[in-house]
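Undergrad: I need the structure of the sequence given here:
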Amino acid sequence: MLSRTADHLYWMARYIERAENLARMLDVNNRMLLLPQSAREVERLWRETLDSIGLLEAYSKGHDKIISEEVVHFMALDRNNPGSIYSCLRSARENAHAVRGTLTSELWETINTTWLKLREYNIEKLGADELDAFFEWVKLRSHQSRGVSFATMMRDEANCFLRLGTFIERADNTARILDVKFNFINEAPRHDDASEYYQWSALLHSVSAFEIYRKVYRDQITPSRVAELLILRGDMPRSLAHCTSEVQAFLEQVANQRSAETQRRAGELAASLRFGRIEDVLETGLHNYLTRFITRINDIGDRIATDFLLPVTA
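TA: Predicted coordinates for the structure are as follows:
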């Protein structure tokens, strides 16, 4: 496959997944803010969220204060923010258009329709319930894009680069969501057991893991089990273990003469999660563990770009 085609497919998938994860992050923040919060707690939640996705500096350049409504607009539909949901779905559509002949007509129409519908939204006019509906719409359109690609695309190299983009991005974002929310919940003032339960359940809902948690563990929600589910459970679709296993598998299918070291690093990371123990993770310190994981998964993403995709130009 041509590097240019692989590049567009890989980044199309990453941008779609990134838009979905931004919607998930905004959704869980809105859920947490339904609980009694001091102004300082609200500001810390948004500051840590922006910082975790590398948008704090960009937001601060155009805004004097961290205000919930302004942060939501900045992360969702700000056309001047290259990291917003709007910009991500625009970039996904542009990449899809560039390789329209490689995609099935159903997949192209799904992505293009998402973009056309998105342009009709004005987040400044959306109430709380409508915001929830918007975030659900973004997640649904992402699910539809993946579903259509799974149902209609050949299982060839094009499909492999779509999946690589999806799982690299998902692993990175799951780690960031878990890091920010886990730290925020643990450090938040204790109001009562009900509010703490609501915060942990909101985190699980944000990664579609609440029902899975109940099926696996059944009883009360505990921090260590939440971490175990989202990090080490290979059968949890958004866990770090599952994502890295998928990255390793698809790298093997597209391997070339330059990718041996990338495959080795991906295999090493996947094995560490497959055979890891939550006790060791927590002993290391969850924040330190997740920070190192994000560095390693982004290193693999950078190496994929070097081995297979277009060279980065200055």
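Undergrad: now stretch 251-266: mean pLDDT?
TA: Stretch 251-266 shows a mean pLDDT of 96.
Undergrad: and what of stretch 173-189?
TA: Rounded to a whole number, the mean pLDDT of stretch 173-189 is 84.
Undergrad: what comes up buried for it?
TA: Going by neighbour count (16 or more other CB atoms under 10 Å), the buried part of stretch 173-189 is 173-185, 188. Using the backbone N, CA and C atoms, a C-beta is placed for each residue, glycine as well.
Undergrad: how about low-confidence regions in the stretch 101-250 of the chain?
TA: 123-128, 188-193 (pLDDT under 70).
Undergrad: Can you list the residue ranges for helices in it?
TA: With helices called from DSSP state H, counting those that start in this stretch, the stretch 101-250 of the chain shows them at 105-118, 128-152, 157-187, 193-206, 210-217, 223-231, 240-253.
Undergrad: can you tell me how far residue 169 sits from residue 42?
TA: Computed as CB to CB, to the nearest Å, the residue 169 to residue 42 distance reads 28 Å.
Undergrad: Which one of the two is surrounded by more residues?
TA: The neighbour comparison of residue 169 against residue 42 (other CB atoms under 10 Å) goes to residue 169, with 25 against 17.
Undergrad: Please produce CSV containing the buried residues of stretch 173-189, extended by distance to residue 209.
TA: Listed next are these as CSV, based on distance: CB to CB, whole Å:
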residue, distance to residue 209
173, 14
174, 10
175, 14
176, 15
177, 11
178, 10
179, 15
180, 16
181, 12
182, 13
183, 18
184, 17
185, 15
188, 20
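Undergrad: nearest to residue 51, of the helices of the stretch 101-250 of the chain?
TA: Of all those, helix 157-187 sits nearest to residue 51, with 8.2 Å by CB to CB.
Undergrad: Which elements pack onto the closest one?
TA: On a contact count with 3 or more CB pairs under 8 Å, 6 or more residues apart in numbering; DSSP states H and E, helix 157-187 meets helix 3-32, helix 39-52, helix 128-152, helix 193-206, helix 223-231, helix 240-253, helix 286-308.
Undergrad: Can you list the buried residues in the shortest one?
TA: Right, the one you point to is helix 223-231. Quick answer for helix 223-231 (16+ other CB under 10 Å): 225-231.
Undergrad: how about the residues you listed, which pair is most distant?
TA: Between any two of the buried residues of helix 223-231, the greatest separation by CB to CB is 10.8 Å, found for 225 and 231.
Undergrad: For stretch 16-26, give the mean pLDDT please.
TA: When pLDDT is averaged over stretch 16-26, the result is 95.
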